[in-house]
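A.B. asks: 3D, please:
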Amino acid sequence: MLAEDDFRTVRISEDDDADNEDRDFDPDDEDDIDDDELFIEDDGDDLDPSEKDEETLRERLGDTDIDLNIIYPLICYGKDKDGELKQQEVLDYLDKIQWDEDRLDDVIILLERIGIEVIDDEEIVMEMRERDRSKKAEAYNDAMLVDDPVRMYLKEIGKVELLTAEEEKILAARMEAGDWEAKQHMIEANLRLVVSIAKRYTGRGMHFLDLIQEGNLGLIKAVDKFDYTKGFKFSTYATWWIRQAITRAIADQARTIRIPVHMVETINKLIRIQRQLVQELGREPEVEEIAAEMDITPEKVREIMKISQEPVSLEKPIGEEEDSHLGDFIPDEDAPSPADQAASTLLKEELTKVLSSLTPREEKVLRLRFGLDDGRSRTLEEVGLEFDVTRERIRQIEAKALRKMRGPGMSDKLREYLD
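C.D. replies: Numbers count the residues shown, from 1 in each chain. Predicted structure coming up:
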């Protein structure tokens, strides 16, 4: 595994960065993964990595559209390691520079042209087999989540031995001939790869087992599309499918309110640029500075920031004993003030006294007409049906009752509440 300091810092051009960040990768779209475009022919002409001139490199390498300014630190690193790199080291570097996953195999072939060997050591696989035979039960005891379902799953997948490159080719050939058992064996032998990748995405809103399940779907898709005739290790090819399946699942399921995948990618880009500006400026960047770096308007940046906020439940427990909830501490802006509530209570009491001085029929007519009991006022027609009289008769009763209430003895008490 590579440390970040193992590579030299190289500035990626804005065009390359935009291409990598804005691309919406869809594994279901056959145009997104064209196996014929993933690989280039090896002309066998080794190139000394000490040749630093980009024109010289391109002349020796022939037809390749790889930006050598970006890949040059990896070339230097391979030279420093006596011309040998592990596949995982190449994978880590491409992940670090946020490169498009379709270019992985092009880079491996380019390195081999230069004279840097990308090792896929069979001895490592055999050593892991021996270790698995002796410690199957303990293979994943250090997993991030150690609840019983996870332990049971890790113990079960640990029973299947890892495959060598030659065994992968044999299984892939059988799969091509329609052997379902070969496909099943290929999937089961690579389930541990899914676990190792899923562990990197814990803490993002999905349970560990759910991440593994989504990664397994990506693994199955990789098995279906793997072309063993290209001569590359299956794990290298499958890693991108597994990662893509997990990240899509997080985008779809991790949030309470779903955010479209393209917006999730935009949010991630904003976060990366924000962190980069913090390092360059030594402070939190302004919205305008982020907008200039992303080449969008400040209003769009504010909109993205608003969308990226995680919703918080009002039922979230608060305090050490968790006997309170967040909603208990949020004021209701629409709730009346204590003074207004007290005044409303007193008004109801005075109004009840005034209405009690009317006849029962007059009191009921006013209560129905103004909705004093249930908050729903009735029309003259509705009240007339209630008393089995005409709407004109109800209007007369209402007018008579209101005249009584406007009298000096009754209205004085109610006028105090008009303000």
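A.B. asks: if I look at A198, how far off is P408?
C.D. replies: 83 Å (C-beta to C-beta, to the nearest Å). For glycine as for every other residue, the C-beta is placed from the backbone atoms N, C-alpha and C.
A.B. asks: Compare neighbour counts for these two and give me the winner.
C.D. replies: A198 (25 against 6; other C-beta atoms under 10 Å).
A.B. asks: Remind me which helix or strand I242 belongs to.
C.D. replies: Per DSSP states H and E, I242 falls inside helix 234-253.
A.B. asks: Just the buried residues of that helix, please?
C.D. replies: 234-251 (16 or more other C-beta atoms under 10 Å).
A.B. asks: Output the below-cut-off pLDDT ranges for the protein.
C.D. replies: 1-68, 98-104, 120-147, 419 (pLDDT under 70).
A.B. asks: what residues go with each domain of it?
C.D. replies: 4-119, 122-253, 261-308, 343-415 (automatic domain parsing).
A.B. asks: next one: the third one to chain centre, how far?
C.D. replies: I take that to be domain 261-308. Centroid separation for domain 261-308 versus its chain: 17 Å, with C-alpha atoms, centre = their mean, to the nearest Å.
A.B. asks: tally of neighbours for L74?
C.D. replies: Count around L74 with other C-beta under 10 Å applied: 27.
A.B. asks: residues touching it, list them.
C.D. replies: Going by C-beta atoms under 8 Å, 6 or more residues apart in numbering, L74 touches F7, L85, V90, Y93, V107, L111.
A.B. asks: can you put these in a markdown table and add secondary structure, neighbour count and distance to K316?
C.D. replies: Shown next, in a markdown table, are the contacts of L74 (DSSP: H, G, I helix; E, B strand; the rest coil; neighbours: other C-beta atoms under 10 Å; distance: C-beta to C-beta, whole Å):
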| residue | secondary structure | neighbour count | distance to K316 |
| --- | --- | --- | --- |
| F7 | coil | 17 | 42 |
| L85 | strand | 21 | 48 |
| V90 | helix | 22 | 44 |
| Y93 | helix | 22 | 41 |
| V107 | helix | 21 | 46 |
| L111 | helix | 21 | 51 |
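A.B. asks: would you turn the residues you listed into a markdown table with distance to Y72?
C.D. replies: A markdown table is the format used below for those (distance: C-beta to C-beta, whole Å):
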| residue | distance to Y72 |
| --- | --- |
| F7 | 10 |
| L85 | 14 |
| V90 | 14 |
| Y93 | 11 |
| V107 | 12 |
| L111 | 11 |
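A.B. asks: which one of the residues you listed is nearest E181?
C.D. replies: Among those, V90 lies closest to E181 (C-beta to C-beta), at 32.4 Å.
A.B. asks: these two touch, right, that closest one and L110?
C.D. replies: No: counting by C-beta atoms under 8 Å, V90 sits too far from L110 to count as a contact (10.4 Å).
A.B. asks: Next up, the contacts around R258.
C.D. replies: Contacts for R258 (C-beta under 8 Å, 6+ apart) come out as D252.
A.B. asks: part of a strand, is it?
C.D. replies: No: per DSSP: H, G, I helix; E, B strand; the rest coil, R258 lies outside any strand segment and is coil.
A.B. asks: measure it to D332 for me?
C.D. replies: 29 Å.
A.B. asks: can you check G78 too?
C.D. replies: In terms of C-beta to C-beta, G78 sits 64 Å off from D332.
A.B. asks: Which one's more surrounded, those two?
C.D. replies: Using other C-beta under 10 Å, the more surrounded residue of G78 and D332 is G78, with 22 against 7.
A.B. asks: secondary structure element for that one?
C.D. replies: helix 68-80.
A.B. asks: Surely A238 is in contact with L193?
C.D. replies: Yes: shown here, A238 and L193 form a contact pair, counting by C-beta under 8 Å, at 6.5 Å.
A.B. asks: any common contacting residues for those two?
C.D. replies: What both A238 and L193 touch, as defined by C-beta under 8 Å, 6+ apart, is the set L219.
A.B. asks: before we move on, back to that, in JSON lines: the domains of the chain, plus distance to D323.
C.D. replies: Below are these laid out as JSON lines (distance: least, C-beta to C-beta, whole Å):
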{"stretch": "domain 4-119", "distance to D323": "45"}
{"stretch": "domain 122-253", "distance to D323": "26"}
{"stretch": "domain 261-308", "distance to D323": "32"}
{"stretch": "domain 343-415", "distance to D323": "31"}
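A.B. asks: closest to E321 out of those?
C.D. replies: Across those, closest to E321 is domain 122-253 (C-beta to C-beta), at 25.2 Å.
A.B. asks: in the helix holding G78, what's buried?
C.D. replies: L68, I70, I71, Y72, P73, L74, I75, Y77, G78, K79.
A.B. asks: dump the residue contacts of R393.
C.D. replies: Shown in contact with R393 (C-beta under 8 Å, 6+ apart): G384, F387.
A.B. asks: what about 10 Å?
C.D. replies: Contact analysis of R393 by C-beta atoms under 10 Å, 6 or more residues apart in numbering lists V365, L380, V383, G384, F387.
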